[in-house]
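1. Based on what follows, work out the 3D shape:
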Amino acid sequence: MRRTQFSKYLLNLLGVVLLVSACSGEAPSTVQPVEMDPDPFLEEPTATPFTEYEALPTPPVLIHTPEALPYPEWVTDFSDPILAKLVNRRPDFQDDFKLVCIYNSQRLDSCPTEDEMPNFIDDLSVLNQGWFYRIPGLRSGPFYSDLKYETLFLTSPKGKTDKDLMVYNPYLMRENFVLSFDFQFKETEPEDIVRFQFSQTKEQSVNLDLVKNKSWSFYSAFQTNSGVFDYFPPELIHITIIMLGRECAVYFNDVPLDYLSDCRSAPVVGSFPWAVSFHVIAAPGRVATAAIDNVKLWDLDKIPSLR
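-> A predicted model of the protein is given here:
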């Protein structure tokens, strides 16, 4: 009987010890941790799992990013409607400077070649369809401009003072127009300039300057813009100039270049024959040359739907 009570006493004491151990958090040394298989649906954590996060998308109604336009707004607002009207429309003036030769008052079927030219030089004349050159500062003139290699050939005069050669054609005198031409630098220095000039008066004009160092300026008494352009001589540059109302624009190789919203006070052209002209300008004492070809002009005043 006493042994049975003593056995129960030992069992109760052992139960108390196990209960105290469990409450104190200390597992018996014989209890080993159970190894769990990794969850196949959980990715292995990165070294810095909390430094990167995926932002929530912003609702499209809360933010608006306008698409980038391929060209400036003035192209669609100003120049596109004008150029669209000229598609399949014949120019009001054009000159590709093909030589027309007159010999002994007779028009030749074809002009002599350079090798044949010495045999005709005394009585041969070459028509230039109204192109003249004028050297500022000289009272005599005008003189017929030079045609060479079937181009309008501009060569600045020699001398210490005269450096500006002006070439003009009275047929270009229009108030609102689109003018296009091909241009090429010849033997020039980096600072030499070819200028297109539209004169409203002798004191006021709109000018486009092309410099051999690959810079350009488009300016008037009211606005001025400038920049640089890509050019690899002897490549041709196709220039397009648009002037309508008080607005003016320029294209290089059919790509929009520049726009002046207030380039002139009103669409008026000067009353003198050289109001619309080309210039080649060199430093004094030097000679600069350039060539112009495929001149075309559309008179926008003959298209009333533009205004």
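2. Could you use CA atoms for every contact and neighbour count after this?
-> Fine.
3. Show me the helices in this structure, by range?
-> 2-24, 73-74, 80-85 (DSSP state H).
4. rank those by pLDDT, which is bottom?
-> Mean pLDDT is lowest for helix 2-24 among those, at a mean of 47.
5. any idea how far Val211 lies from Glu247?
-> Applying C-alpha to C-alpha, to the nearest Å, the value for Val211 to Glu247 is 23 Å.
6. How about Tyr144?
-> 33 Å.
7. Between these two, tell me which one has more neighbours.
-> Neighbours per residue, other C-alpha atoms under 10 Å: of Tyr144 and Glu247, the larger number sits with Glu247, 20 against 17.
8. Now do the same contact list for the closest residue to that one other than its chain neighbours.
-> Among residues not flanking Glu247 along the chain, Ser261 sits closest, at 4.7 Å (C-alpha to C-alpha, 6 or more residues apart in numbering). By C-alpha atoms under 8 Å, 6 or more residues apart in numbering, the residues touching Ser261 are 246-248.
9. cool, Ser125 as well?
-> 101-103.
10. For the residues you listed, give me CSV that also has pLDDT.
-> Below are the contacts of Ser125 laid out as CSV (pLDDT from 0 to 100):
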residue, pLDDT
Cys101, 82
Ile102, 83
Tyr103, 84
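11. count of neighbours near Asn225?
-> Neighbour tally, Asn225, other C-alpha under 10 Å: 13.
12. Dig out what the residue lying closest to it once chain neighbours are set aside forms beta bridges with.
-> Distance criterion C-alpha to C-alpha, 6+ apart; nearest residue to Asn225, sequence neighbours excluded, is Phe218 at 5.3 Å. In this entry, Phe218 is beta-bridged to Leu208, Asn225, by DSSP bridges.
13. my read: Phe218 touches Val211, true?
-> No - taking contacts as C-alpha atoms under 8 Å, Phe218 lies outside contact range of Val211: 11.6 Å.
14. Now the buried members of the contacts of Ser125.
-> Neighbour-count burial (16 or more other C-alpha atoms under 10 Å) applied to those gives 101-102.
15. So which of the contacts of Ser125 are in strands?
-> Assignment to strands by DSSP state E places the following of the contacts of Ser125 there: 101-103.
16. Which of those residues sits closest to Lys186?
-> Nearest to Lys186 among these: Cys101, at 24.8 Å, using C-alpha to C-alpha.
17. Now do the contacts for the residue lying closest to Ala249 once chain neighbours are set aside.
-> Closest residue to Ala249 apart from its sequence neighbours, by C-alpha to C-alpha, 6+ apart: Tyr259 at 4.3 Å. Contacts for Tyr259 (C-alpha under 8 Å, 6+ apart) come out as 74, 247-250.
18. hmm, back to that, closest to Asp96 among the contacts of Ser261?
-> Cys248 (24.6 Å).
19. correct me, but the closest one touches Ile242?
-> Yes - in this structure Cys248 lies within contact range of Ile242 using C-alpha under 8 Å: 5.4 Å.
20. which residues are common contacts for these two?
-> With C-alpha under 8 Å, 6+ apart, Cys248 and Ile242 have no common neighbours.
21. Among the contacts of Tyr259, which lie within strands?
-> 247-250.
22. quick one on the thing from earlier: give me the pLDDT for the residue nearest to Asn225.
-> 97.
23. avg pLDDT for the lengthiest strand in the chain?
-> Ranked by residue count, the top strand of the chain under DSSP E comes out as strand 289-299. For strand 289-299, mean pLDDT is 94.
24. shift numbering so it begins at 22
-> All set: I'll call the first residue 22, so the last point we hit is now strand 310-320.
25. Only C-alpha atoms, please: export it in CSV.
-> Taking Å, rounded to 0.1, in the frame of the first residue of the first chain, the C-alpha atoms of strand 310-320 are listed here in CSV:
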residue,chain,number,x,y,z
THR,A,310,31.1,81.6,-105.2
ALA,A,311,27.8,79.8,-105.0
ALA,A,312,25.3,78.3,-107.3
ILE,A,313,21.4,78.4,-107.4
ASP,A,314,19.2,76.1,-109.5
ASN,A,315,15.6,75.0,-110.0
VAL,A,316,14.0,78.3,-108.9
LYS,A,317,10.2,78.0,-108.5
LEU,A,318,7.7,80.5,-107.2
TRP,A,319,4.0,80.2,-106.4
ASP,A,320,2.0,83.4,-106.0
